[in-house]
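Undergrad: Below are the sequence and a predicted model for it; my questions follow.
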Amino acid sequence: MGLPFLDSFSAAAGRGVWHADELGLADAQVVATGHAALDAELPGGGWPVGAMTELLLPAPEAHVWRLLLLALAQAVAARGGPVVLIGAPYEPCGASLAAQGLPVEALMWVRSEAPAARLWACEQALRCADVSAVVAWLPQARVGELRRLQLAAAQHEVLLFVCRPESVALSASPARLRIRADRSEADASQIELHILKRRGPPLAAPVMLPARNERMAALLAAARLRRKLRLQQQGVAPAGEPAASATVVRIDAWKGGQDALDRLAVVA
């Protein structure tokens with residue numbers, strides 16, 4: 001025969017216990033990803049604020065903007081501060097990002113090839129009250145170094161995304177959320193998102209997202225059509241699909257001491 005106070009305690013405790021076979025609730029603020037299918041699989045329905053999200057990518061530049069752009073634009077609108085890009089593999093295309101809601105003036109690009117300098121810049125950005133989000137490419141970061149970044153993000157409640165190669169998928173990580181992104185082999189127009197770590201059960205199947213948003217796909221299709229019509233008017237048959245291109249102009253570059261990092265803004 002059970003004791004009444006123990007039965008009451010168990011019932012009360014059960015209401016506040018997370019069960020491993022259930023998708024956990026967020027224990028902090030989240031920012032919606034802008035992708036309904038992905039939000040449905042994340043605790044709280046979005047990217048965690050004040051925690052590290054680790055993105056494992058087949059190439060440093062692959063899928064980053066497709067996954068993060070909408071959330072970064074929301075963060076800038078809410079907090080008003082810049083998005084700090086640390087070690088981005090290529091200069092951002094300001095016109096493309098601005099057309100999708102992320103203002104050019106909200107971008108700060110920190111360039112350095114030295115792993116220690118990237119880590120230092122990431123920690124400093126996380127401690128800055130004006131920063132809305134940090135996206136860092138840290139392929140060589142060790143677990144202890146990532147743990148420091150996780151703590152800094154938690155202390156200052158900043159969105160933090162760390163991009164690393166797929167090869168580290170089996171290594172330990174302090175990230176709250178860990179996602180591997182791949183282009184679908186069955187359908188090249190889709191991205192497969194494998195959620196490797198979350199507060200919840202393992203994901204049985206990857207989340208599928210279009211590789212390009214509808215507006216960008218429409219713009220590229222219109223550009224191809226215009227080129228085809230122009231070539232037809234000139235009597236030249238198109239030899240194939242053209243590669244998408246954009247003009248980027250670099251402005252506002254400054255340099256400090258020997259270990260200083262450049263700040264760049266871009267316009268197009």
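TA: Great, that's in hand.

Undergrad: Could you measure from Tyr90 over to Glu166?
TA: To Glu166, Tyr90 is 19 Å away according to Cβ to Cβ, to the nearest Å. All C-beta atoms are positioned from the backbone trio N, CA, C, and that covers glycine.

Undergrad: The two - which one has more neighbours?
TA: Glu166 (14 against 9; other Cβ atoms under 10 Å).

Undergrad: what's the burial count for the nearest residue in space to the more buried one that is not next to it in sequence?
TA: Once flanking residues are discounted, Glu166 sits nearest to Leu56: 5.0 Å by Cβ to Cβ, 6 or more residues apart in numbering. A count of neighbours around Leu56, defined by other Cβ under 10 Å, yields 21.

Undergrad: you'd agree Leu56 is up against Arg178?
TA: Yes - with contacts counted by Cβ atoms under 8 Å, Leu56 reaches Arg178, the gap being 7.1 Å.

Undergrad: who touches both of the two?
TA: Common contact partners of Leu56 and Arg178 (Cβ atoms under 8 Å, 6 or more residues apart in numbering): Leu196.

Undergrad: ok so, going back, what helix or strand is the residue nearest to Glu166 on?
TA: Following DSSP states H and E, one finds Leu56 within strand 51-57.

Undergrad: ok, and what's touching that strand?
TA: 28, 47, 63-64, 67, 146, 149-150, 153-154, 159-166, 168-169, 173-181, 196-197.

Undergrad: Buried among these? Need that as a selection in PyMOL.
TA: In PyMOL syntax, the buried subset of those is picked out as below (16 or more other Cβ atoms under 10 Å):
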select buried, resi 47+63+64+67+146+149+150+153+154+159+160+161+162+163+164+168+173+174+175+176+177+178+179+180+181+196
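
Undergrad: Out of the contacts of strand 51-57, list just those in helices.
TA: Counting by DSSP state H, the contacts of strand 51-57 place 64, 67, 146, 149-150, 153-154 in helices.

Undergrad: Dump the residues you listed to a markdown table, plus pLDDT.
TA: As requested, the ones in helices among the contacts of strand 51-57 are exported to a markdown table (pLDDT from 0 to 100):
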| residue | pLDDT |
| --- | --- |
| Val64 | 92 |
| Leu67 | 93 |
| Leu146 | 96 |
| Leu149 | 96 |
| Gln150 | 95 |
| Ala153 | 94 |
| Ala154 | 92 |
